[in-house]
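**Student:** Predicted model and sequence follow; I will ask about them next.
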Amino acid sequence: MREDDCIVLGIESTAHTFGVGIVKSDGEILSNAKSEYIPVKGGIHPREAAQHHSKVAVEVLKKAFFEAKISPSDLSAIAFSAGPGLGPCLRTGATVARALSLKLKKPLILVNHCVAHVEIGKLTTHSKDPLIVYVSGANTMVIAYSGGRYRVFGETLDIALGNMLDTFAREVGLGHPGTPKVEELAKRGREYISLPYVVKGQDVSYSGLLTEALKRYRELGREKIHDLCYSLIETAYGMLAEVTERALAHTEKKELLLTGGVVRSKRFQEMFNEVAKEHGAIMKVVPYEYAGDNGAMIAWTGILCYKHGLFAPVEQSFIKPDWRIDEVDIPWMH
Amino acid sequence: MDALIKKQLVKKGAEAILYRGSFLGFDVIIKERIPKKYRSAKMDEYVRRFRTIHEAKLLISARKAGIPTPFVYFVNKEKSLIVMDYIKGDLVKELVHQMSKEERENVFYKIGSLIAKLHVNGMVHGDLTTSNMIMLNNTVYFIDFGLGGYTVELEDRGVDLHLMFRALESTHYQVYAECKSLIERGYESVAGKDLAFKVLERVKEIRRRGRYVSGKITY
């Protein structure tokens, strides 16, 4: 097989999803299998999530190979997401990846989970050099490429947007995952209930908003839930839209790429489309299937690393639970 | 409002539109916070009005405390509009990479000391970036106080500096380390050793509180 014609398998296991994707170097996604851990009650318990991952690993791997119609020996390399994420979950994915790498004698690639969300967004929407809004259960960032790395122009100072909405939903008894349910109720909200709108420079903060929203819920009771959900969503999205708008004005990028699980939201897309339009940019949204955590995004980023010879020997393939996106060199842009 | 004449659009920023104009014959900048369609109307009005009033108050208080800011001539709450002095300088952002090492040392040490002066006088800026500072005749003017406030909380002071460092890191990453340490030294020169130490320790804590801070743990 020629150097520029490769197939990479990618393993995702940072949080609730164990995913395996197989992608070709021309960007064709051959398979994208996954299994999601759904907590019986409460939020994600890292140990239980990791146990789920090790239980389903073989089954998901088999499914990925079956759908891709290739055999393990066709692979050029094995990629896995090494961080950021929950330690026990990352370690499970890493163990699977290391075992495959040793058994098949294929090189191992460490992929940053946040970079992967950006790269799958760019691949599937044909974006060249966008301003990126990456919003998921664990991350909320406004990112742009500059000088060899993805730079963070704004982010949450504490909890992520998805985490905030999920926690609110759980506390008021809406179940998991919470964001779609909060949004459903918000559609029937009319009256705006004043909530803390916290923008600090280019950054946002959601922890105070969560506390206040729950306090208001206890005061106002169930009958005001529609108004409260509406106000919560408007405030939370509005804050991020504002810092995104400032980043667009500052960087003058002409594409606005939305990626991560939360961007599936219709209201979110509507609001950010307005922001893009105001600054002469085009909004692009990652397709539904690749919005949440998935193996294909790890495999595709693995391809980009493969082309630049970015491998890690097994004995140095440590997981990095705190690996920031702006620590990763990106040699494939320009 | 005949005293006020709008002449030309200078900049369509993300939050506000800036016009050059004249007010009673003075050369002024008119800053108008425009409604945002993407926000719900009530929230939008609250945000714009709150920030306009806050910005005007802080521009004046900061000036009184000896931090160079544009002079405020007029405020219209209903239109979310501020009329202030036009400073004919350049943004620090545009000058950073033209400066000699020596000039940069002076400017960022100065910026550090001005931030401390603001803090010691019970204020924070709330959005310290090199695009919110104008250089004119060796003087650094602070502008854009819309996210600022009156506070002596360690947390608010820490966030203020944290945001300054973050802005340097993303926009001027080539000179980030150098500028950061100059600001810290300038800050200490005004705030004193004890306060500077406390604030800078808080900055580290705020950074650690963020998502995925680097290099602490490997398994």
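**Tutor:** Okay, I see it. Numbering: from 1, shown residues only, chains lettered A, B, ... in the order given.
**Student:** May I see the buried residues of the single longest helix found in chain B?
**Tutor:** The longest helix of chain B (DSSP state H) is helix B:176-209. By neighbour count on 16 or more other CB atoms under 10 Å in any protein chain shown, the buried set for helix B:176-209 is B:176, B:179-180, B:182-184, B:186-188, B:190-191, B:195-196, B:199-200, B:202-203, B:206. Where C-beta positions appear, they are placed from N, C-alpha and C, glycine not excepted.
**Student:** quick one, what contacts the residue nearest to A:T92 when sequence neighbours are not counted?
**Tutor:** Spatially, and ignoring its direct neighbours in sequence, A:T92 is nearest to A:H53 (4.3 Å; CB to CB, 6 or more residues apart in numbering or on different chains). Residues near A:H53 by CB atoms under 8 Å, 6 or more residues apart in numbering or on different chains: A:13, A:18, A:37, A:89, A:92-93.
**Student:** how near is the residue in the stretch 101-250 of chain A that chain B sits nearest to to A:G260?
**Tutor:** Distances between the stretch 101-250 of chain A and chain B by CB to the nearest CB are smallest at A:G201, namely 3.6 Å. Noted for A:G201: a distance of 22 Å to A:G260, by CB to CB, to the nearest Å.
**Student:** same check, this time on A:K41
**Tutor:** 25 Å.
**Student:** who's more crowded, those two?
**Tutor:** Neighbours around A:K41 and A:G260, counted as other CB atoms under 10 Å in any protein chain shown, are more numerous at A:G260. The numbers are 27 against 8.
**Student:** Go ahead and confirm the more buried one touches A:I132.
**Tutor:** No. Using CB atoms under 8 Å, A:G260 is not in contact with A:I132, being 9.3 Å away.
**Student:** Domains in the chain, by residue range?
**Tutor:** No chain specified, so I'll use chain A. A:7-118+A:292-327, A:127-290 (automatic domain parsing).
**Student:** Can you look at chain B instead?
**Tutor:** Using automatic domain parsing, chain B is parsed into the domains B:4-85, B:90-209.
**Student:** So which of the ones you listed is nearest A:L248?
**Tutor:** domain B:4-85 (7.1 Å; CB to CB).
**Student:** what about the closest one, near chain A?
**Tutor:** Yes. Against chain A, domain B:4-85 shows contacts by CB under 8 Å from any CB of the partner chain at B:12-15, B:36-40, B:42-43, B:46-47.
**Student:** Make CSV out of those residues and add secondary structure.
**Tutor:** Shown next, in CSV, are those (DSSP: H, G, I helix; E, B strand; the rest coil):
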residue, secondary structure
B:K12, strand
B:G13, coil
B:A14, coil
B:E15, coil
B:K36, coil
B:K37, coil
B:Y38, coil
B:R39, coil
B:S40, coil
B:K42, helix
B:M43, helix
B:Y46, helix
B:V47, helix
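**Student:** Separate out the buried members of those residues.
**Tutor:** Of the residues of domain B:4-85 next to chain A, these count as buried by 16+ other CB under 10 Å: B:13-15, B:36, B:38-40, B:43, B:47.
**Student:** Can you give me the buried ones in stretch B:109-126?
**Tutor:** Here stretch B:109-126 shows B:109-119, B:123-126 as buried, counting by 16+ other CB under 10 Å.
**Student:** Is the nearest residue to A:E119 once chain neighbours are set aside in a helix, a strand, or coil?
**Tutor:** Of all residues not flanking A:E119 in the chain, A:T301 sits nearest, at 4.7 Å (CB to CB, 6+ apart). Secondary structure state of A:T301, per three-state DSSP, is helix.
**Student:** ok, the most centrally placed residue in chain B to chain A distance?
**Tutor:** Geometric centre of chain B, nearest residue: B:L128, 4.0 Å, by CA atoms, centre = their mean. Using CB to the nearest CB, to the nearest Å, B:L128 is found at 7 Å from chain A.
**Student:** and what of B:T52?
**Tutor:** 15 Å.
**Student:** What pLDDT is listed against that residue?
**Tutor:** Looking at B:T52, its pLDDT stands at 95.
**Student:** wait, doesn't A:T92 sit right on A:K55?
**Tutor:** No. Counting by CB under 8 Å, A:T92 does not reach A:K55; the two are 9.7 Å apart.
**Student:** Which of the two has more residues huddled nearby?
**Tutor:** The neighbour count for A:T92 versus A:K55, taken as other CB under 10 Å, is higher for A:T92 (24 against 13).
**Student:** quick one: contacts for that one?
**Tutor:** Per CB under 8 Å, 6+ apart, neighbours of A:T92: A:13, A:18, A:50, A:53-54, A:57.
**Student:** let's go with 10 Å and repeat that
**Tutor:** Counting by CB atoms under 10 Å, 6 or more residues apart in numbering or on different chains, A:T92 makes contact with A:11, A:13, A:18, A:49-55, A:57, A:80, A:86, A:319.
**Student:** Now a ChimeraX select for only the buried ones of those residues.
**Tutor:** The buried residues among those can be selected in ChimeraX (16+ other CB under 10 Å) with this line:
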select /A:11,13,18,49,50,52,53,54,57,80,86,319
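**Student:** How much space separates A:L256 from chain B?
**Tutor:** 12 Å.
**Student:** need the strands for chain B, in chain order.
**Tutor:** Per DSSP state E, chain B carries strands over the ranges B:4-12, B:16-23, B:26-33, B:72-76, B:81-85, B:90-91, B:123-124, B:133-136, B:139-142, B:149-150.
**Student:** Give me whichever of these is most buried.
**Tutor:** Highest mean neighbour count among these (mean count of other CB atoms under 10 Å in any protein chain shown): strand B:123-124, with a mean of 26.
**Student:** Sheet partners, orientation included, of it?
**Tutor:** Its sheet considered, strand B:123-124 pairs with strand B:149-150 (antiparallel) by DSSP bridges.
**Student:** ok, back up a step: please convert the buried ones among the residues of domain B:4-85 next to chain A to JSON lines, extending it with pLDDT.
**Tutor:** Formatted as JSON lines, these follow (pLDDT from 0 to 100):
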{"residue": "B:G13", "pLDDT": "79"}
{"residue": "B:A14", "pLDDT": "80"}
{"residue": "B:E15", "pLDDT": "85"}
{"residue": "B:K36", "pLDDT": "91"}
{"residue": "B:Y38", "pLDDT": "89"}
{"residue": "B:R39", "pLDDT": "88"}
{"residue": "B:S40", "pLDDT": "85"}
{"residue": "B:M43", "pLDDT": "87"}
{"residue": "B:V47", "pLDDT": "90"}
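**Student:** And the furthest pair within those?
**Tutor:** Using CB to CB for every pair in those, the one that comes out farthest apart is B:G13 and B:S40, at 21.6 Å.
**Student:** Select the longest helix from chain A.
**Tutor:** helix A:225-251.
**Student:** How far off centre is the following helix or strand past it?
**Tutor:** The helix or strand immediately downstream of helix A:225-251 is strand A:255-259, counting by DSSP states H and E. A distance of 13 Å separates the C-alpha centroid of strand A:255-259 from that of its chain, computed with CA atoms, centre = their mean, to the nearest Å.
**Student:** average model confidence for whichever helix or strand comes after strand A:255-259?
**Tutor:** Downstream of strand A:255-259, the first helix or strand assigned by DSSP H and E is helix A:266-278. Average pLDDT, helix A:266-278: 95.
**Student:** which parts of helix A:266-278 are buried?
**Tutor:** A:268, A:271-276, A:278.
**Student:** could you dump the helix or strand bottoming out on mean pLDDT in chain B to CSV, C-alpha only?
**Tutor:** Sorted by mean pLDDT, DSSP states H and E, the helices and strands of chain B end with strand B:4-12, the least confident at a mean of 85. C-alpha atoms of strand B:4-12 as CSV (Å, rounded to 0.1, in the frame of the first residue of the first chain):
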residue,chain,number,x,y,z
LEU,B,4,-23.9,66.2,18.3
ILE,B,5,-23.0,65.5,14.7
LYS,B,6,-22.2,62.0,13.4
LYS,B,7,-19.6,62.2,10.6
GLN,B,8,-18.3,58.8,9.6
LEU,B,9,-18.5,55.2,10.6
VAL,B,10,-15.1,54.2,12.0
LYS,B,11,-15.6,50.6,13.0
LYS,B,12,-18.4,48.1,13.2
